[in-house]
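Enquirer: Provided below for reference: sequence and predicted model.
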Amino acid sequence: MIPIDDSPIVRDGKSLILAMDHGLEHGPVDFEDVPEKLDPSTVFETATHDAVTAMAVQKGIAEGYYPSYEDDVNLLMKLNGTSNLWMGEPDSAVNCSIEYAVDVGADAVGFTVYGGSNHEIEMVEEFRDAHERAREYDLPVVMWSYPRGQGLKNDTKPGTISYATRLALELGADIAKVKYPGNKNAMSHAVTCAGDMKVVMSGGSKTSDYEFLSQVEAVIDAGASGLAVGRNVWQREDPTRILDALEQVIYEEETADAALEATE
Amino acid sequence: MIPIDDSPIVRDGKSLILAMDHGLEHGPVDFEDVPEKLDPSTVFETATHDAVTAMAVQKGIAEGYYPSYEDDVNLLMKLNGTSNLWMGEPDSAVNCSIEYAVDVGADAVGFTVYGGSNHEIEMVEEFRDAHERAREYDLPVVMWSYPRGQGLKNDTKPGTISYATRLALELGADIAKVKYPGNKNAMSHAVTCAGDMKVVMSGGSKTSDYEFLSQVEAVIDAGASGLAVGRNVWQREDPTRILDALEQVIYEEETADAALEATE
Amino acid sequence: MIPIDDSPIVRDGKSLILAMDHGLEHGPVDFEDVPEKLDPSTVFETATHDAVTAMAVQKGIAEGYYPSYEDDVNLLMKLNGTSNLWMGEPDSAVNCSIEYAVDVGADAVGFTVYGGSNHEIEMVEEFRDAHERAREYDLPVVMWSYPRGQGLKNDTKPGTISYATRLALELGADIAKVKYPGNKNAMSHAVTCAGDMKVVMSGGSKTSDYEFLSQVEAVIDAGASGLAVGRNVWQREDPTRILDALEQVIYEEETADAALEATE
Amino acid sequence: MIPIDDSPIVRDGKSLILAMDHGLEHGPVDFEDVPEKLDPSTVFETATHDAVTAMAVQKGIAEGYYPSYEDDVNLLMKLNGTSNLWMGEPDSAVNCSIEYAVDVGADAVGFTVYGGSNHEIEMVEEFRDAHERAREYDLPVVMWSYPRGQGLKNDTKPGTISYATRLALELGADIAKVKYPGNKNAMSHAVTCAGDMKVVMSGGSKTSDYEFLSQVEAVIDAGASGLAVGRNVWQREDPTRILDALEQVIYEEETADAALEATE
Amino acid sequence: MIPIDDSPIVRDGKSLILAMDHGLEHGPVDFEDVPEKLDPSTVFETATHDAVTAMAVQKGIAEGYYPSYEDDVNLLMKLNGTSNLWMGEPDSAVNCSIEYAVDVGADAVGFTVYGGSNHEIEMVEEFRDAHERAREYDLPVVMWSYPRGQGLKNDTKPGTISYATRLALELGADIAKVKYPGNKNAMSHAVTCAGDMKVVMSGGSKTSDYEFLSQVEAVIDAGASGLAVGRNVWQREDPTRILDALEQVIYEEETADAALEATE
């Protein structure tokens, strides 16, 4: 962790990261109900919203589409990822180098670490390389901190999420992206475990406007610095409206109710 | 993906790649009925046809035969491959470096990724190295995107082929070479999943003229950018005639019927 | 082993290393009774005590908090570590390079080697790289020498601890950090096996003031050079008082009784 | 494959490679009946025969004995090898670098690839490195192309040998050294599969003069470029005489009968 | 193998290497009866005897103690080693680089290769790196050639020891250190298999003066170049006396009887 409040991916100490790496991680199935979003331009358009501090994509999407949006969108290059066709222990291929991310114009980088996986050792060492190289370019480093693996399948228990944020702090991340641990107290503890490092919640699969915004409200109340969200924005019919609402909840610290009302 | 329409391996936005790496991947058995084609010169001769935008071979064939054809044929150096004597999970040895490909005169490079294989992680990281190095030389990168492995043996289901094109886009390929998913709609979806990246169909084993050209017609109709074909050209008695017909279907967007008629 | 008596992490030939890498190795659970210590600043404050010759933390904690304490605390950068979510044979990810440790201001480095683990070979080779690189920067190298693995789970038998110190000497460590082998004679033998290399006891889980100080007294009597301690200091209500006492026992070679009396 | 007819290891388009790497591959047992040949000088002496275009040895033999023979013998440095004490899947340690081979004065290099082994991928990638480095020094590359491994133990079936020569061509070898597939037709097919690349037969274990020369005659008739032979030369009482005969069969394309008669 | 007769570790074509790496390989248990020898200085003192041409130790012992003995002792830096806490297939961690060995003042280097181990391939490749680097500094390379592993546990059969010396020759060692194969004839054959390369016997566990010297006498008679010995010297009450006797047997080629008498 280094000071990143002056970084372009932070606004008033907060961040809203729009993620669209689902084509790699989940495959086209995530676009079934919104086939037009298979065109990455549509999501880059959404990312021009003022509430969005960065758009997180994989290398191929970045090199193909970011050149048209570099004035209006901050790029968070995700450096590793895996298809869900693969059936091994949780692991993630490092598919982009820091140098290439810089060439494409990245403002920050993202890296998944599956703590507890049989590949934890290897992933942490790959994270080290990315982290130290990113420091040379002053690129903030966001860790997708997802404890997962043998005997710990996709766990969101409070103790696991607190461990996830702490692990990110100990290893040098600037922001930890973690799943919601189920309640505000647990989220608050996870934020405390992160010390001065920022924590953002991972958006997860699509829920109703109210349910989603309430969770974000709880997360902000718990002291987190924002959200990394994909499906809950671009799977919606009107992504702009939910971003308007998120802007209220995250930066203005409004309630979900107030935000919904204001954006109706 | 970067813009490659001005690349020598593209003609009017389309590509017809003549592939002859079967000696490595399948062994001499693929040449049983056409033993004269064991001499790579014969296939390079075929590749001088105007319809062919590139010839895809392995390193040894390229260094041995390409010097005689460099004025008339564009070289697509295949960078990895495996014999079928090997019985492990799908994997592919990187048998040629980008630097060597450049020395031999490559106009583009090809790389197999078996998404879903237990070696996916490693293959994607090798692809990263090849991709980023290829960028330094402005060489287009064609991904043989073949999901395959434990529980997914040589799958051509629509969802698998759509995932294959998307994976290639996300990882930075300029062209994805995928198997035919069985019908035009499925192919069309796979093309949509590829965004602005080009998709070419993999030719597969030899079929009748009509059957083959109809499939190519469907593929072009589905929005694909062409074909990478081996056996369906050089296993034929008259490769020139089928290339004449393919030229009609791919670049002129004629029907299979019309193309066959015109080349009778 | 090279001469390190003039190093900042040594005082009168002795060392008291305050360790706080528990957030990575054990997770937030170690902070359950002292949640305020989740803020690394609190432990860095403790480390400003004159008795403490170095504070041992992981990279992320160092880069985030050490800049505020670099005038008052000597930094011992721990170079590897693992979460306890992971279920494999004992191993430890090298999460920080020597170069980065130097950049952050490290005065010494720490490295875990699990002798007897199925990963011993790999860990020793990683230790070699760290050790030889550390020599270029004249950084003392502390080995967390913890024989552990298949058939040897967290062993503290006398013969094991003697092997642990010897292994550290043979491989080039400047200080070996080992567990207490149960009695003063065994500790004395472990110190003898270390030749001229320094040995410090690993503090272990929290015990009563008297029990803890008596063990430290035995360790110093046995010829060891001090202590690396975490929970037995920062899990206490009054870390300063126990540090005052430890200063007596370690540097003044007072008895536990005398030290306790003096600091009441 | 690059043109090597002007290389010192080729004479009139043919090659006779005298191999003596049996001390590593098989151990001293191959020398039981000819203990004096344990002294590598004796075999280097034999290699001064005009029929021999290169002597193939491992690094240690080369650095120890080649300095005395560099004016009279061409050195083919074998770059990998394995003892037969080892019980794993076929594999071969790369025990010599191209740079070191050059330092010792190599005129060519040799490399074993066990196609079909569980180590095929790794061996082919090691071959790539050696091949590309050898090109920088214009050193011909001979592949010991021996399909072998799980389900394919030391196979000499015609289809396997044809695959072996093709694999060597596809991967860039200049000469393939393969086992005899049992009859001339099969050998002829293997040579055809090699395109313009040279093929030499592997000598195998010692047989009678006539049996051996007849096989060589068949091999030359089949279009092969010669022989790589060890035991059938240096296990003989009079290596010179058999080399005289081989000279007739290989370079003069005499029959075995004629060659035997001429050298009686 | 290169000429090393002028090297400081050779005297009149012979070598007597005093080894003390037992603290790593066996642990403190080897010092149970001679606890004072846990202090490496005591063994370095012994190594100042004229009969000793080199002292073989691990990196940590060398950097800690060799500076005081560099005028009187030649250093043979052992480059790899393993604790016996580890339960895997025979393997050895490369714990010291050639560059570091040179920095510490090494006159030669030592490297263990377990031929026949499942790690043979990897060890031989590590040996290659060390060997080629050592050549750049003109450092003689001693191979601890110990066939061992699955199905071949610590074998000292004649055929195994002959293979051990041959393997060392083939891979480029200057001296092979092997176990005694049980009788003089077998040792003689092992020496013959080594060609012009030197062979020294590994001293083994402590035996009586006569038994030990008789074995050394047999070894010298068999044409070997000397001895690498540890316990049979420094576990003795009077190491100087046995070294006096060894000097007679090795350099003067006296009988064990005569040597014992002369040193009474």
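Expert: Perfect, I can see it now.
Enquirer: Please name the residues that touch A:Tyr210.
Expert: A:Ala256, A:Leu260 (Cβ atoms under 8 Å, 6 or more residues apart in numbering or on different chains). In this view, the C-beta of every residue, glycine as well, is placed from N, C-alpha and C.
Enquirer: Please apply the same query to the one 4 residues further on.
Expert: When the contact criterion is Cβ under 8 Å, 6+ apart, the partners of A:Ser214 are A:Ala256.
Enquirer: Provide the secondary structure category for it.
Expert: helix (DSSP: H, G, I helix; E, B strand; the rest coil).
Enquirer: Please report the distance of it from E:Pro239.
Expert: 80 Å (Cβ to Cβ, to the nearest Å).
Enquirer: what about the stretch of helix or strand A:Met77 belongs to and chain B, touching?
Expert: Assessed by DSSP states H and E, A:Met77 sits inside strand A:75-78. No - Strand A:75-78 stays clear of chain B (Cβ under 8 Å from any Cβ of the partner chain), getting no nearer than 9.5 Å.
Enquirer: Show the low-confidence segments of the stretch 51-200 of chain A, by residue range.
Expert: A:154 (pLDDT under 70).
Enquirer: Please enumerate the helices of it.
Expert: Secondary structure of the stretch 51-200 of chain A by DSSP state H, counting those that start in this stretch: the helices cover A:59-65, A:98-104, A:120-136, A:158-171, A:184-193.
Enquirer: Which other helices and strands does the first one contact?
Expert: The one in question is helix A:59-65. If you count contacts as 3 or more Cβ pairs under 8 Å, 6 or more residues apart in numbering or on different chains; DSSP states H and E, helix A:59-65 packs onto helix A:40-47, strand A:75-78, helix A:98-104, helix B:158-171.
Enquirer: can you put those in JSON lines and add mean neighbour count and distance to B:Thr46?
Expert: What follows is those, written out as JSON lines (neighbours: other Cβ atoms under 10 Å in any protein chain shown; distance: least, Cβ to Cβ, whole Å):
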{"stretch": "helix A:40-47", "mean neighbour count": "21", "distance to B:Thr46": "38"}
{"stretch": "strand A:75-78", "mean neighbour count": "28", "distance to B:Thr46": "42"}
{"stretch": "helix A:98-104", "mean neighbour count": "19", "distance to B:Thr46": "37"}
{"stretch": "helix B:158-171", "mean neighbour count": "27", "distance to B:Thr46": "27"}
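Enquirer: Out of those, the one nearest E:Arg133 is which?
Expert: helix A:98-104 (29.4 Å; Cβ to Cβ).
Enquirer: For the closest one, which outside residues touch it?
Expert: A:59, A:62-63, A:66, A:75, A:77, A:79, A:109, A:130, A:133-134, A:136-137, A:139, B:132, B:135.
Enquirer: My guess is A:Cys193 contacts C:Leu38. True?
Expert: Yes - with contact defined as Cβ atoms under 8 Å, A:Cys193 and C:Leu38 form a contacting pair (5.5 Å).
Enquirer: Give me the more crowded residue out of those two.
Expert: In this view A:Cys193 and C:Leu38 are compared by other Cβ atoms under 10 Å in any protein chain shown, and A:Cys193 has more residues nearby, 27 against 21.
Enquirer: what residues are up against the more buried one?
Expert: Here A:Cys193 is in contact with A:Ser162, A:Tyr163, A:Thr165, A:Arg166, A:Leu169, C:Gly23, C:Pro28, C:Phe31, C:Leu38 (criterion: Cβ under 8 Å, 6+ apart).
Enquirer: Between these, which sits nearest chain D?
Expert: A:Tyr163 (36.6 Å; Cβ to the nearest Cβ).
Enquirer: just to revisit the earlier point, just send the contacts of A:Cys193 back as a markdown table, with distance to C:Met187 too.
Expert: Below are the contacts of A:Cys193 laid out as a markdown table (distance: Cβ to Cβ, whole Å):
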| residue | distance to C:Met187 |
| --- | --- |
| A:Ser162 | 36 |
| A:Tyr163 | 34 |
| A:Thr165 | 38 |
| A:Arg166 | 33 |
| A:Leu169 | 35 |
| C:Gly23 | 29 |
| C:Pro28 | 32 |
| C:Phe31 | 29 |
| C:Leu38 | 33 |
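Enquirer: will you turn the residues you listed into JSON lines that also has distance to chain B?
Expert: Conversion of the contacts of A:Cys193 to JSON lines gives the following (distance: Cβ to the nearest Cβ, whole Å):
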{"residue": "A:Ser162", "distance to chain B": "28"}
{"residue": "A:Tyr163", "distance to chain B": "24"}
{"residue": "A:Thr165", "distance to chain B": "26"}
{"residue": "A:Arg166", "distance to chain B": "26"}
{"residue": "A:Leu169", "distance to chain B": "26"}
{"residue": "C:Gly23", "distance to chain B": "28"}
{"residue": "C:Pro28", "distance to chain B": "30"}
{"residue": "C:Phe31", "distance to chain B": "34"}
{"residue": "C:Leu38", "distance to chain B": "34"}
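Enquirer: quick one: which of those residues is nearest to A:Pro147?
Expert: The closest of the contacts of A:Cys193, once distances to A:Pro147 are taken by Cβ to Cβ, is A:Tyr163, at 6.3 Å.
Enquirer: so who does the closest one touch?
Expert: Contacts of A:Tyr163 by Cβ under 8 Å, 6+ apart are A:Gly115, A:Pro147, A:Cys193, C:Gly27, C:Pro28, C:Ser83, C:Leu85.
Enquirer: ok, so what distance separates it from A:Gln235?
Expert: 30 Å.
Enquirer: Tell me how far the closest residue to A:Ile161 other than its chain neighbours lies from A:Gly226.
Expert: In this structure, A:Ile161 finds its nearest non-sequential neighbour in A:Pro181, 3.8 Å apart by Cβ to Cβ, 6 or more residues apart in numbering or on different chains. Note on A:Pro181: its distance to A:Gly226, by Cβ to Cβ, is 16 Å.
Enquirer: I figured A:Val34 hits A:Asp238, correct?
Expert: No - taking contacts as Cβ under 8 Å, A:Val34 lies outside contact range of A:Asp238: 11.6 Å.
Enquirer: and these two? which has more neighbours close in?
Expert: A:Val34 (17 against 11).
Enquirer: quick one on the thing from earlier: JSON lines for the contacts of A:Tyr163, including distance to D:Ile2?
Expert: Converted to JSON lines, the contacts of A:Tyr163 look like this (distance: Cβ to Cβ, whole Å):
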{"residue": "A:Gly115", "distance to D:Ile2": "51"}
{"residue": "A:Pro147", "distance to D:Ile2": "53"}
{"residue": "A:Cys193", "distance to D:Ile2": "62"}
{"residue": "C:Gly27", "distance to D:Ile2": "59"}
{"residue": "C:Pro28", "distance to D:Ile2": "63"}
{"residue": "C:Ser83", "distance to D:Ile2": "53"}
{"residue": "C:Leu85", "distance to D:Ile2": "54"}
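Enquirer: farthest-separated two in those residues?
Expert: A:Cys193 and C:Leu85 (14.1 Å).
Enquirer: host element of the closest residue to A:Gly13 other than its chain neighbours?
Expert: Among residues not flanking A:Gly13 along the chain, A:Asp5 sits closest, at 5.9 Å (Cβ to Cβ, 6+ apart). Using DSSP H and E, A:Asp5 sits within no helix or strand.
Enquirer: ok, now how distant is A:Asp5 from A:Val142?
Expert: 15 Å.
Enquirer: List the contacts of the residue in the stretch 1-150 of chain A that chain E sits nearest to.
Expert: Nearest residue of the stretch 1-150 of chain A to chain E: A:Ile121, at 16.7 Å (Cβ to the nearest Cβ). Neighbouring residues of A:Ile121 by Cβ under 8 Å, 6+ apart: C:Thr82, C:Trp86, C:Gly88, C:Asp91, C:Ser92, C:Ala93.
Enquirer: With that, I have no additional questions.
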